[in-house]
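**Q** how does the following fold in three dimensions:
(2 chains)
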Amino acid sequence: MRIKFLSIVAIAALMTSCSGEKPKTEVKVEAPVKTEVKAEEKVEAKADDFMNDKGVGPVTSLELGELDTALAGKGKAAYKSNGCTACHKISKRFVGPALKGVTQRRSPEWIMNMILDPEGMVENNVAARELLAEYSAPMANQNVSEEDARAILEYFRTKN
Amino acid sequence: MKTLFKSVLALLALAVVSVGCVDNSSKKGALGNSAAEKVYVAPGEHDEFYAFVSGGFSGQLAVYGLPSGRLFKVIPVFSVDAEKAYGFNEETKPMLNTSHGFIPWDDSHHPDISQTNGELDGRYVFINGNNTPRIAKIDLTTFETTEIIEVPNSAGNHSSSFVTENTEYVVAGTRFSVPYPQRDMPINEYKGNFKGALSFISVDPADGGMDLKFQIMMPGFDYDLSHPGRGDSHGWFFFTTYNTEEAHSLLEVNASQNDKDFIAAINWKKIEEYVNNGGGTKAPANYAHNVYDEHTHTATSTMKKEVLIVNPTDVPGAIYFMPTPKSPHGCDVDPSGEYIVGSGKLAAELTIHSFSKMLKAIEDKNFDGDAYGIPILNYEATLAGSVKQPGLGPLHTEFDGKGNAYTTFFISSEVVKWKLGTWEVIDRKPTYYSVGHLMIPGGNSRKPFGKYVLAMNKITKDRYLPTGPEVTQSAQLYDITGEKMELLLDFPTIGEPHYAAGIPADIVAKNSKKFFKLEDNKHEHAVKSEAEAKVVRDGNEVHIYLTMIRSHFAPDNIEGVQVGDKVYFHVTNLEQDYDVPHGVSMIGAQTSELLIMPGQTETFMWYPKQVGVWPFYCTDFCSALHQEMQGYVRVSPKGSNVPISFTLDDDAVDSE
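**A** I've put the predicted structure just below:
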């Protein structure tokens, strides 16, 4: 755990120096340093039940029903048109994590919040910060509509 | 102790001297009168006004904030700009096309903001190219030049580009008269043979599209500056003239002979009606009309072949001359539309004409002869008054909307405040040095925002640290909220600032676009996802369809390019967030980088000349992993059997 946090701090430091050259969305990445203690508690909770980690963002509660194949079809198109494929593959690690089975690792709310507000998630959610530490590249905010994000989630449900 | 006492005394004496200085109101320092506070915009805070300041011989338009004087952007207009790839990428090259071919430079002079009902509406800025006559339109949602129209039969496009009260027209007048039609003829046969074209370019109220509606072929004078009527004088346009002598050489002497030249008053509504009823003569012409489309992210250039010419004497009652002393330069109309101020460069006083008296003189046929059939109104009959002994070398006047006018004096380097109606001088303040134009936001509209005046100087000499023989030009900001003007700030400008146009920031800022939507991108070579990225060979042409997102290109390994190929990089930025441009350039490319906004596609050319593996990279620091954003192109000898291939992470770009 300690090593991980050290690397987060290192990355945060790196990003801070970069953002000094041209401030972009990365400026918020300093947060992990400040919330170190709190973060450790949350990480343990997450390990027990990922479904309880809804992330932080516009989606606070979402009940999934039967798989909606029409919506999943829409989601497949939205996944491409919003630029997701530039960093994600379904079957393998790319710039970001492989998305196969993502709905079995993350709650529906967490997935949508990560799509809709990646900067806010990195700032305020431990799991999102851990991903940044592992993958180095912060997830880009593509200004995806909530409707598209919901459809993309449904598409992910077909990729388990 | 005694020494200490002496020192204290000395300090006290110094303090008294210092206080004495502070008390001298004309020499107050920045700290003594809170000038610094008045221009201080705290970090992260925004300015109250945008100022669009012409770049003069840079050919561009600079965007500053007021009161801070901070430079936000240089908008490329008439000159190529390697930083933004303007005139370098395939998409914007057509913007600089003219009847003389591709022209990489011009001399930009007089920005003017579009108006509705005589008030600034903040949709567009227009600006004139002086040398190869053109009018450009800058869209204030993107702060980019979106249209340029060449002005035929014109030369030294100087009495431009001013808009009418509802932006019905943007007007362009020739400074140099030229033979009409152009022909091979002796220069010394100028008189009577050269003509001065005044061009009325209509602006489509819906999409802002410009069209050269008609040209008035005036006598061969020099048409120097102009401004529209407003309020009661809406429908008229006023132009200063000099060289009514029609001299063709040594104008500084030969064009300064007449005691008075003219302000030409043009009833454009009357001429518009004449033209709409079939009046005028269609004449052959050849001029470029260049339009940049925000959806295709591409400009097209169309050569237009005809122009409608209006002969002044064919429309009786539409054009008059008002005699105005000594080669008038500035031609400025007050917010009510009643007063037309003519600044005779060589005159001892400012001349102010009255619009209502002009109408009366026309009604009474109070004429002093004519010039080429155009009636000359009696000087006394149109005169509203004059400002006596105001200074030396008057040039331009702006208005604060509170009954005051502010005029610049080039020779005596000062701004003079005077009162409309009584013509009395209220205040004068020095400028450093040789001021040309001045600008009050909205100062040439019905509704000025009379808080600041910006004076733009031609000479700065000792005002800044020296930078070799060429020193900066500058603008100076004055507070005009009190009875007396107060100098607040000097700041350097790009090129030579001629005119400027200012507007409250809140009118413009709320419409500023944040990024281009990828789904609206209609560029013919756009690729909207990495899966569509590709490399295609077509004979010796290779088209590389590249995407960019933080922080990689797709594809980033390209093989099969050969020496002697003509390689197109069509590059799309897939980002959909604010302020995430990417740049790209290729080693040895004989052009500028591309700087591509989110959702935009741009194209550059590369002619590989050497076998090897050559890199390309992102030129705009885009993210923490910007330094990783790079790729390679393998260049094989001509005729090589290495096939075209393109990959990312050693996979096909469309692998799932």
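**Q** what number of residues are in the vicinity of the nearest residue to B:S640 once chain neighbours are set aside?
**A** Leaving out its chain neighbours, the residue that sits closest to B:S640 by C-beta to C-beta, 6 or more residues apart in numbering or on different chains is B:Q562, at 5.7 Å. For glycine as for every other residue, the C-beta is placed from the backbone atoms N, C-alpha and C. When neighbours are counted by other C-beta atoms under 10 Å in any protein chain shown, B:Q562 registers 20.
**Q** go on, B:M217?
**A** Around B:M217 there are 20 residues (other C-beta under 10 Å).
**Q** show me where chain A has its helices.
**A** Taking DSSP state H as the criterion, chain A contains helices spanning A:2-21, A:31-34, A:36-48, A:69-81, A:108-116, A:118-124, A:126-135, A:146-157.
**Q** likewise for chain B?
**A** Going by DSSP H, chain B shows helices at B:2-23, B:30-33, B:35-39, B:251-254, B:268-276, B:355-363, B:379-382, B:505-509.
**Q** next up, the contacts around B:N573.
**A** Listed by C-beta atoms under 8 Å, 6 or more residues apart in numbering or on different chains, the contact set of B:N573 reads B:547-549, B:580-582, B:596-601.
**Q** please name the bridge partners of the closest residue to it other than its chain neighbours.
**A** Distance criterion C-beta to C-beta, 6+ apart; nearest residue to B:N573, sequence neighbours excluded, is B:I596 at 4.3 Å. Assessed by DSSP bridges, B:I596 has beta-bridge partners B:H582.
**Q** got the contact list for B:I596?
**A** Neighbouring residues of B:I596 by C-beta under 8 Å, 6+ apart: B:548, B:571-573, B:581-584, B:602.
**Q** okay, now the unreliable bits of chain A?
**A** For chain A, the stretches flagged by pLDDT under 70 are A:1-48.
**Q** now the residue most central in space within it: closest residue in space, sequence neighbours ignored.
**A** Note on chain A: the residue nearest the mean C-alpha position is A:M114, at 3.8 Å, using C-alpha atoms, centre = their mean. With sequence-adjacent residues excluded and distances taken as C-beta to C-beta, 6+ apart, A:M114 is closest to A:M121, at 5.2 Å.
**Q** OK, contacts around that neighbour?
**A** Contacts of A:M121 by C-beta under 8 Å, 6+ apart are A:55-57, A:113-114, A:128, A:139.
**Q** from the residues you listed, which two are the most distant?
**A** Taking C-beta to C-beta as the measure, the contacts of A:M121 span a maximum distance of 14.0 Å, between A:V56 and A:M139.
**Q** quick check, the residue in the stretch 1-150 of chain B closest to chain A?
**A** B:G44 (11.0 Å; C-beta to the nearest C-beta).
**Q** and that residue, how many residues sit next to it?
**A** Residues lying near B:G44 (other C-beta under 10 Å) number 5.
**Q** check what pLDDT it gets.
**A** In the prediction, the pLDDT value recorded for B:G44 is 96.
**Q** quick one: B:E496 from chain A, how far?
**A** 30 Å (C-beta to the nearest C-beta, to the nearest Å).
**Q** excluding sequence neighbours, find me the nearest residue to that residue.
**A** Leaving aside its sequence neighbours, B:E496 sits nearest to B:G56 (C-beta to C-beta, 6+ apart; 3.0 Å).
**Q** what do you get for B:A255?
**A** Spatially, and ignoring its direct neighbours in sequence, B:A255 is nearest to B:N243 (3.9 Å; C-beta to C-beta, 6+ apart).
**Q** can you give me phi and psi for that neighbour?
**A** phi 50, psi 40 (degrees, to the nearest 10).
**Q** what about the residue in the stretch 301-450 of chain B that chain A sits nearest to, how many neighbours?
**A** Here the stretch 301-450 of chain B gets closest to chain A at one residue, B:P441, 29.1 Å apart by C-beta to the nearest C-beta. Neighbour count for B:P441, taken as other C-beta under 10 Å: 28.
**Q** ok, B:N511 next?
**A** 12.
**Q** same check on A:L64?
**A** 12.
**Q** next one: the one 10 residues further on
**A** Other residues near A:K74 come to 18 when the count uses other C-beta under 10 Å.
**Q** give me the nearest residue to it, chain neighbours excluded.
**A** A:A151 (4.3 Å).
**Q** which ones are touching B:P375?
**A** Residues near B:P375 by C-beta under 8 Å, 6+ apart: B:320-321, B:362, B:365, B:367.
**Q** picking that back up, so the residue nearest to A:K74 touches A:L71, yeah?
**A** Yes: contact criterion C-beta atoms under 8 Å: A:A151 and A:L71 qualify, at 5.3 Å.
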